[in-house]
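Engineer: Dropping a prediction and its sequence here:
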Number of protein chains: 2
Amino acid sequence: MKPKLSDVAEEAGVSPTTVSRVINNHGYLSARTKQKVYDAMEKLHYQPNSLARSLKGKKTKIIGLIFPGITNPFFAELIEKLEKQLFLKGYKVILCNAADDIAKERDYIKMLIANQVDGIITGAHNLGIEEYQNIHLPIVAFDRRYASGMPTISSDNLQGGILATQTLYEAGARHIYFMGNPNQKGNPTDRRLQGYYQQMTKLGLESQVMPIFFDETPKIKKVSIQRFLKERKADGIVCSDDLTAILVLQSAKELQIEIPDTLKVVGYDGTTFIQTYFPELTTIVQPLDDIAMMLVESLLNRMSNRVDKLGENDFILPVSLHHGATI
Amino acid sequence: MKPKLSDVAEEAGVSPTTVSRVINNHGYLSARTKQKVYDAMEKLHYQPNSLARSLKGKKTKIIGLIFPGITNPFFAELIEKLEKQLFLKGYKVILCNAADDIAKERDYIKMLIANQVDGIITGAHNLGIEEYQNIHLPIVAFDRRYASGMPTISSDNLQGGILATQTLYEAGARHIYFMGNPNQKGNPTDRRLQGYYQQMTKLGLESQVMPIFFDETPKIKKVSIQRFLKERKADGIVCSDDLTAILVLQSAKELQIEIPDTLKVVGYDGTTFIQTYFPELTTIVQPLDDIAMMLVESLLNRMSNRVDKLGENDFILPVSLHHGATI
DNA sequence: TTGTAAGCGTTATCAG
DNA sequence: CTGATAACGCTTACAA
């Protein structure tokens, strides 16, 4: 059987209370007692039971992370950064892969509550904000809009859309398309699209959207992209994310469309991964380090100050441009 | 205050026991009582406290996953598959990023024990097997050797090394190098290297290793690779993983070395991600679905059968070849 | 079919 | 400086 606190107490010849005090560095204890307890713990390979501890009102020191998946390098990097920061502050992480599945997301939220997590960071977009409203738990969100009461961290998607469009324009493109999820409220891509619209209008050009949906497999996406490229209407494409942009590059190559001469492409996200392994891709870079830091800080804030002024926790972080050869 | 089981009982006008029975579907209950309890739970937004439940001897239904990171698509995909399978079986996952950090891995293991996880799947390689030996918890490992007593699932790294080498040979390469971590015992790359050696000997060719270390950043790796390629000694390279292979392709392009005419490259891992976004890369494909399935099955097995015959739980799954344009 | 009471491993309170 | 005791929220014999 696993040793428990009372076993340690017996071994050390002291009371359970004393052992607990030693573990938690609580109150005054003689050095000799401390040592005895340490020795006993060592000898029995004692590990305190977090469950019992948390049941007694202590924090679990666990944070739930809800994201749509980890195979997209963007989320992989964000999650890794979050985990790193949280670990340094003494928190562990339960990873919830919502996988574009409403039921799964709901299940996971229930589970997190049942496990008494101290807080939640969500980056999934399945559930409406309403569903999150009556969870009485500190939550912060990545990249959501209209989240009244729930702090939201995001990068400047509107500006990103503008920047991408403007960059293509300056490089000489005039038939600039937006490729991505058209008009999904609450979805960050929407703001990118708005930025595109806004800038196109300003430039006196006609906006055109080539719809590509997030939940399609890359193969399906590629078929649509090929079909689209064959028509050769565009000389510039703002892609809603880097992976889509890469499919565009692949397709262009297969169709022998010259990049950037005939077609210029700008991606979106600019993860370290993409910048390393696809350095040629011009892309809008989201400041992942800052995003992760703000998410953690915001959550920790929320967890300590029980009442903080709502609305003041929203942050929109600036994006930048990685200039590659696709433009 | 959060509602507890006794609040529900009071609301429903029954005893706590009855509520507990309803929740756990235990014994006989009148339909009317059940309904009353359900209504009360609904009304109070009751969520059972998993901690208390587990304290009372119930399983936590949590599995710890220890891996060296999630930004490498290989681990991202493996972890995602593991999470998916475990979720279906009612388990949640605590993600532990060991990050090539011995202390962190040790910390995480302690934490997992403290949180009474039901089992652990480890894919990190920092700690010696000895350290895992005296954890009295079901554990299975991915890609470890010599793990006496701990079931180990891996793909056939030896065969992979042979296959990669043979493929290059058949494509006409004669100066075939192995690029990767040289000779690290316990590390899977080692077996790949052995396969390379073995096949080179069989082919009557001279083995040559170009050392590249896992913990180096891509930028540093790339500098070494560039230097290596400039000498133009190799006409074929077996890379220990796909990401390294991509750096080789990049460097070759920059140095205007023709692929595959002047230099042929084979990668290793063959994730869906790489096959999708770098389809041109020829690579040895590890059967990720099977690996994930075996890991889960093996762990669940371990968790139920308290005594199973050791040694019969090791599995080495076959690899295959994805044929791309780099050869 | 339902209820009473003890106990899971820890910590907080109150004595000493 | 140290110890006894109750309590955290739930499950499970054992009764009724």
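Structural biologist: Yep, it's here. Residues are numbered from 1 along each chain as shown, chains lettered A, B, ... in the order given.
Engineer: Touching, residue A:275 and residue A:323? I think so.
Structural biologist: No. With contacts counted by Cβ atoms under 8 Å, residue A:275 stays clear of residue A:323, the gap being 10.9 Å. Where C-beta positions appear, they are placed from N, C-alpha and C, glycine not excepted.
Engineer: So between these two, which is more surrounded?
Structural biologist: residue A:275 (17 against 13; other Cβ atoms under 10 Å in any protein chain shown).
Engineer: Could you name the helices and strands sitting against the host helix or strand of that one?
Structural biologist: Applying DSSP states H and E as the criterion places residue A:275 in helix A:272-277. Judged by 3 or more Cβ pairs under 8 Å, 6 or more residues apart in numbering or on different chains; DSSP states H and E, the packing partners of helix A:272-277 are helix A:73-88, strand A:282-285, helix B:218-230, helix B:242-254.
Engineer: Briefly note if stretch A:222-241 comes near chain B.
Structural biologist: No. Stretch A:222-241 lies apart from chain B when judged by Cβ under 8 Å from any Cβ of the partner chain; the minimum separation is 8.8 Å.
Engineer: Check the average confidence over that stretch, would you?
Structural biologist: Stretch A:222-241 comes out with an average pLDDT of 95.
Engineer: Please see if the host helix or strand of residue A:38 touches DNA strand C.
Structural biologist: Following DSSP H and E, one finds residue A:38 within helix A:31-44. No. Judged by Cβ under 7 Å from any atom of the strand, helix A:31-44 stays clear of DNA strand C, getting no closer than 10.1 Å.
Engineer: Tell me, how many residues neighbour the closest residue to residue A:190 other than its chain neighbours?
Structural biologist: Setting aside the residues directly before and after it, residue A:190 is nearest to residue A:184 in space (Cβ to Cβ, 6 or more residues apart in numbering or on different chains), at 5.5 Å. Applying other Cβ under 10 Å, we find 14 residues neighbouring residue A:184.
Engineer: what pLDDT does residue A:184 get?
Structural biologist: 73.
Engineer: Let me know the secondary structure of it.
Structural biologist: coil (DSSP: H, G, I helix; E, B strand; the rest coil).
Engineer: near DNA strand D, which residues of chain A show up?
Structural biologist: A:14-18, A:21, A:27-30, A:32-33, A:52, A:55-57.
Engineer: Who wins on neighbours among those?
Structural biologist: That'd be residue A:18 among these, by other Cβ under 10 Å, with 21 neighbours.
Engineer: In helices only, show me the residues of chain A next to DNA strand D.
Structural biologist: Judged by DSSP state H, helices contain the following of the residues of chain A next to DNA strand D: A:16-18, A:21, A:32-33, A:52, A:55.
Engineer: And the residues you listed, which is closest to residue A:155?
Structural biologist: residue A:55 (39.8 Å; Cβ to Cβ).
Engineer: Contacts only, for the residue lying closest to the closest one once chain neighbours are set aside.
Structural biologist: Leaving aside its sequence neighbours, residue A:55 sits nearest to residue B:51 (Cβ to Cβ, 6+ apart; 5.0 Å). Shown in contact with residue B:51 (Cβ atoms under 8 Å, 6 or more residues apart in numbering or on different chains): A:51, A:54-55, A:60, A:115-116.
Engineer: interface residues of chain A facing DNA strand C?
Structural biologist: A:1-2, A:4-6, A:16-17, A:20, A:23-24, A:26, A:48-49, A:52-53, A:55-58.
Engineer: Any figure for the gap between the residue in the stretch 51-200 of chain A positioned nearest to DNA strand C and residue B:108?
Structural biologist: Relative to DNA strand C, the nearest point of the stretch 51-200 of chain A is residue A:52 (3.3 Å; Cβ to the nearest atom of the strand). Computed as Cβ to Cβ, to the nearest Å, the residue A:52 to residue B:108 distance reads 20 Å.
Engineer: element containing residue A:165, please.
Structural biologist: Short version, using DSSP H and E: residue A:165 is in helix A:157-170.
Engineer: Would you mind checking which helix or strand in chain A has the lowest mean pLDDT?
Structural biologist: Every helix and strand of chain A was ranked by mean pLDDT, DSSP states H and E. The lowest is helix A:129-133, at a mean of 74.
Engineer: same for that helix, what does it pack against?
Structural biologist: Secondary elements touching helix A:129-133 (3+ Cβ pairs under 8 Å, 6+ apart): none.
Engineer: low pLDDT regions in the stretch 51-200 of chain A?
Structural biologist: A:129, A:145-148, A:186 (pLDDT under 70).
Engineer: For it, list the residues in contact with chain B, please.
Structural biologist: A:51-52, A:54-55, A:60, A:62, A:65, A:69-71, A:73, A:76-77, A:79-80, A:83-84, A:87, A:92-97, A:99, A:104, A:108, A:110-111, A:113-116, A:134, A:136.
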